[in-house]
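K.L.:
Have a look at this fold, sequence not included:
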């Protein structure tokens, strides 16, 4: 068995272990982990943590992993030290980077976000228990120590710092991205309800969350509001979300900003892709040419396009935005290929 096959088999077992823990919840070890993670970060509700972990188990299905890895040629090499600065906006968001570095045959130094420390440490403990030798390649650090390459995720502001600080080593730097949904007005109630999951999962804090709607001119939002109404039952029970809703309602009223609202989300006509928590931007289009131009102009700010329309050929169906496969790379940058290319030269250069 090759090193890569051994690592892939390890992650298959990790997926099975996580699935078992999710099925046993609230019993078993995961019950305490989820409580601790929620206390550490109130945005990490039980439902959102389970959702994130179940998405990982789907990603780690044997057929999915084999299909992913079949696209690459990974030769055994002297492991390099790869530094990964992880985000913490949604639960276990750094898992894909962790898996990719290990599958590439390298060591990983993880700089965790304080917002997502507990779940990531729990997952790495499972990896270590399934493969002791692989576990030795994982370390947590407060500061990256002489990395040979870096993968860092942050805001647009921190990205400028990352580019400067890691300028002397190969790097992948990710900035803010959000997702867009394109509607044509003929969507069914079921499709719009599924779109609600793309919008409200993780309170809209992920890069794969829809933060903006592209709608035809004179679009009637009543059908949309009716379809997404059930999501309000949970959202309105969350104090931090409700505080955001009340805050932006007050801002829009005081500043005379036109907006549409039900009792848990505001719709504001705005060109920006990114929107605050509890706010959904929208923009109208007159024809497909105008729509395509708008999407092209903002391509570097868009993670996913959710739609039943065929616009770019890469659209994701309604309700599937939060179900990425192993080959769905953040910002569209193939980090596994990046790491394979960095390891083609056995000479190791440090900062």
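P.N.:
Yep, it's here. All values derive from a computational prediction rather than experimental measurement. Residues are numbered from 1 along each chain as shown.
K.L.:
Which neighbouring elements make contact with the longest helix seen in the chain?
P.N.:
Ranked by residue count under DSSP state H, the longest helix found in the chain is helix 3-24. Packing contacts for helix 3-24, counted by 3 or more CB pairs under 8 Å, 6 or more residues apart in numbering; DSSP states H and E, involve helix 29-40, helix 46-59, helix 62-69, helix 95-103, helix 118-130, helix 132-135. In short, each C-beta sits where N, CA and C put it, glycine included.
K.L.:
Compare the ones you listed and report which one is nearest to residue 282.
P.N.:
helix 46-59 (24.6 Å; CB to CB).
K.L.:
Can you tell me what sits against the closest one?
P.N.:
15-16, 18-19, 21-22, 25, 30, 34, 37-38, 64-65, 90-93, 95-96, 119, 123, 201-203, 234, 322-326 (CB atoms under 8 Å, 6 or more residues apart in numbering).
K.L.:
So which bits of the longest helix of the chain are buried?
P.N.:
Of all the residues in helix 3-24, those buried under the rule 16 or more other CB atoms under 10 Å are 3-4, 7-8, 10-12, 14-19, 21-22.
K.L.:
any idea of the mean pLDDT in that helix?
P.N.:
Mean pLDDT, helix 3-24: 97.
K.L.:
cool, stretch 77-94 as well?
P.N.:
96.
K.L.:
and that stretch, how far from the chain's centre?
P.N.:
In terms of CA atoms, centre = their mean, to the nearest Å, the centre of stretch 77-94 is set 13 Å apart from its chain centre.
K.L.:
tell me which residues in it are buried?
P.N.:
79-94.
K.L.:
if we can go back for a sec, please name whichever of the helices and strands packed on helix 3-24 is nearest to residue 146.
P.N.:
Among those, helix 95-103 sits nearest to residue 146 (CB to CB), with 15.8 Å.
K.L.:
Please identify the most buried of the helices and strands packed on helix 3-24.
P.N.:
helix 95-103 (a mean of 23; mean count of other CB atoms under 10 Å).
K.L.:
Quick check: can you list the domain ranges of the protein?
P.N.:
Here the domain parsing of the chain from automatic domain parsing is 3-176+327-342, 178-307.
K.L.:
Dump those domains to JSON lines, plus distance to residue 318.
P.N.:
Formatted as JSON lines, the domains of the chain follow (distance: least, CB to CB, whole Å):
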{"stretch": "domain 3-176+327-342", "distance to residue 318": "17"}
{"stretch": "domain 178-307", "distance to residue 318": "4"}
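K.L.:
Quick check: end-to-end length of stretch 180-187?
P.N.:
Stretch 180-187 has an end-to-end distance of 16 Å (CA to CA, to the nearest Å).
K.L.:
Pull out the buried positions in that stretch.
P.N.:
180, 181, 182, 183, 187.
K.L.:
Put together JSON lines for those residues, with pLDDT and secondary structure on each row.
P.N.:
Shown next, in JSON lines, are the buried residues of stretch 180-187 (pLDDT from 0 to 100; DSSP: H, G, I helix; E, B strand; the rest coil):
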{"residue": "180", "pLDDT": "98", "secondary structure": "strand"}
{"residue": "181", "pLDDT": "98", "secondary structure": "strand"}
{"residue": "182", "pLDDT": "98", "secondary structure": "strand"}
{"residue": "183", "pLDDT": "98", "secondary structure": "coil"}
{"residue": "187", "pLDDT": "97", "secondary structure": "coil"}
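K.L.:
State the pair within those residues that is farthest apart.
P.N.:
Counting by CB to CB, the most remote pair of the buried residues of stretch 180-187 is 180 and 187, 14.8 Å apart.
K.L.:
coming back round to it: closest to residue 219 among the buried residues of stretch 180-187?
P.N.:
Distances from residue 219 to those, taken by CB to CB, are shortest for residue 183, at 6.9 Å.
K.L.:
Now do the contacts for that closest one.
P.N.:
So residue 183 contacts 213, 214, 215, 216, 219, 224, 307 (CB under 8 Å, 6+ apart).
K.L.:
By neighbour count, which of these wins?
P.N.:
residue 224 (25 neighbours; other CB atoms under 10 Å).
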